[in-house]
Each structure stands twice: as C-alpha cells, then as structure tokens.
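A.B. asks: Whatever this is, show me its structure:
(one chain, ligands or ions: 1)
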Amino acid sequence: MLDNKKINIAIDGYSGCGKSTTAKAVASKMGYTYIDTGAMYRAVTLYFQQKNVNISNLEEVETALRQIEIRFKFDTVDQKLHTILNGIDVENLIRTPEVAAMVSPVAALSAVRKELVAQQRIMGMDKGVVMDGRDIGTVVFPDAECKFFLVADIDIRTERRIKELALMGIDTSFEDVKSNLLVRDNIDSHREDSPLRKAEDAIEIDTSYISIQEQIEQVMEVVREVIAR
Ligand code: C5P
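C.D. replies: This next block holds a predicted model:
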C-alpha cells in the first residue's frame, strides 16, 4: 500500500544548504518528480536580462512574463534535469554570477511570484513531487505532507557554491560568492511577498557538519514515517 500513497515534499532554506542535492536524491528514491523552483526564478531573470526588461516597470514585467515558457527536460548526456527557456537549454546560463546577482530583486516582484507559484501548483497538483525553494512549505504547498527547512553555516555554504561554480568552469572569489549569498538571504528574507521563512510545521536540518548521505537519510526517515501513517 505504501507505493500508492503519494505526497508532496517541500524543501526550503537558504542557498548552498544542499537543498537541490537532497531533493534530487529523495525524488529519485521515491520515483517522484523533482522541481527546482530557484531555476524558474533564474530563468525569468535571464530572460529579463536578455531583453533588457526594466524591473521597475510593471507593464514591461507583465508583458515579458507572458512571453516566457519554462520547462524541465532530462538530459541523457549528463543525466541531469535541464531548464528549458522558450525551447532553449539555459541550464548553464542561469547559474552564472550575473544571474545570481539579479535573481533576488526579480524574485521579490509580486507579478513574477504570482505567475511562477501558479505554475508550481499545477506541477504538484497530482502529488508525487519534491520541490525545493524558499516559499514551498509556506506559500506554494502549505498543505505539503512533509516540509523541511535547511540551514548551514555561511562559510560552508560559500565553499559549496564555489565548488559548484568551479565544476561549471566559473572561477570566483570566496568574498564575492559569500557576499552574493548574504545579499540574497537578506532580500529573500525581507521581501514583502512570501519572504523566506521556516513554516511552523517544517523540520529544520542543519547541514553544516553532516554528509549529503546523512541529509538524505534524515529526510527519507521522515518521509517513510509520514507515508506509513
Ligand atoms: O535556489 P536558488 O539559489 O537557485 O534560487 C535563486 C533565487 O531564486 C533565490 O535567491 C530567491 O531569490 C529566488 N527563489 C525564490 N523562491 C523560490 C525559489 C527561489 O524567491 N521558491
């Protein structure tokens, strides 16, 4: 019977806490769909940058949003889920420091959040989704059966992000990456519309000194328990 009960799993928290690695592994173990909502905000940001959209002009923002179609596609070469923006694979382009520098101001816009949250709700409508982001347990799926909130020490998060960027051939400095993470944390936590915060019923996991395997196991333990209920 366990296999028949599908749930939604929300994984929120700060950048560089291992949300996506954990979410991907949990989705794979459960046979669920993994959805990286940060990639959606990054794709919108990339589009705005490419089209020089003035984010202070609501009309320009709304017109641009109508021209954006975001999909995810499994790439058989690197065995990873890629973000597709209007038919083009932008997986690497959305991870650059240029996009990282603008994504939080873009994600603070209510027009952007309204559109992406609506799409995310459709994706999770039939359950069986592991979604990572900032507002999944609080706004997108307040009824998600399992909610997690990941935190970690800022220097450890910085090191992790530097390694990810290095794997993509992007050379950065510790100070630049750390400052981007802190600026984003600040904007994400203080914006008016759906600020980053732990849902009351979310389980907090500090990933600073535990391995990826341990993070995954801690999440899986809760998931198994909830499904068995
Ligand atoms: O998860 P990632 O670091 O790729 O997210 C990039 C940015 O997208 C975050 O810093 C935040 O500004 C925004 N975001 C958001 N809500 C989400 C997911 C991401 O505001 N659910």
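A.B. asks: Any buried residues in the one helix or strand Glu60 maps to, and which?
C.D. replies: Element membership of Glu60, judged by DSSP states H and E, is helix 58-66. Using 16 or more other C-beta atoms under 10 Å as the test for burial, helix 58-66 gives 61, 64-65. For every residue, glycine as well, the C-beta is placed using N, CA and C.
A.B. asks: name the helices or strands packed onto that helix?
C.D. replies: helix 37-50, helix 110-123 (3 or more C-beta pairs under 8 Å, 6 or more residues apart in numbering; DSSP states H and E).
A.B. asks: Can you add mean neighbour count and distance to the ligand and give the ones you listed back as JSON lines?
C.D. replies: Converted to JSON lines, those look like this (neighbours: other C-beta atoms under 10 Å; distance: least, C-beta to the nearest ligand atom, whole Å):
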{"stretch": "helix 37-50", "mean neighbour count": "22", "distance to the ligand": "2"}
{"stretch": "helix 110-123", "mean neighbour count": "16", "distance to the ligand": "7"}
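A.B. asks: and of the ones you listed, who's closest to Thr172?
C.D. replies: helix 37-50 (16.5 Å; C-beta to C-beta).
A.B. asks: And stretch 173-192, how far out from the chain middle?
C.D. replies: 15 Å (C-alpha atoms, centre = their mean, to the nearest Å).
A.B. asks: How about the residues of this structure by the ligand?
C.D. replies: 15, 37-38, 41-42, 103-104, 107, 133-136, 184, 188 (C-beta under 6 Å from any ligand atom).
A.B. asks: show me what contacts Leu196?
C.D. replies: Leu196 makes contact with 12-14, 134-135, 185, 188-189, according to C-beta atoms under 8 Å, 6 or more residues apart in numbering.
A.B. asks: re earlier: and which of the buried residues of helix 58-66 is nearest to Tyr47?
C.D. replies: So of the buried residues of helix 58-66, ranked by how close each gets to Tyr47 (C-beta to C-beta), first place is Ala64, at 6.5 Å.
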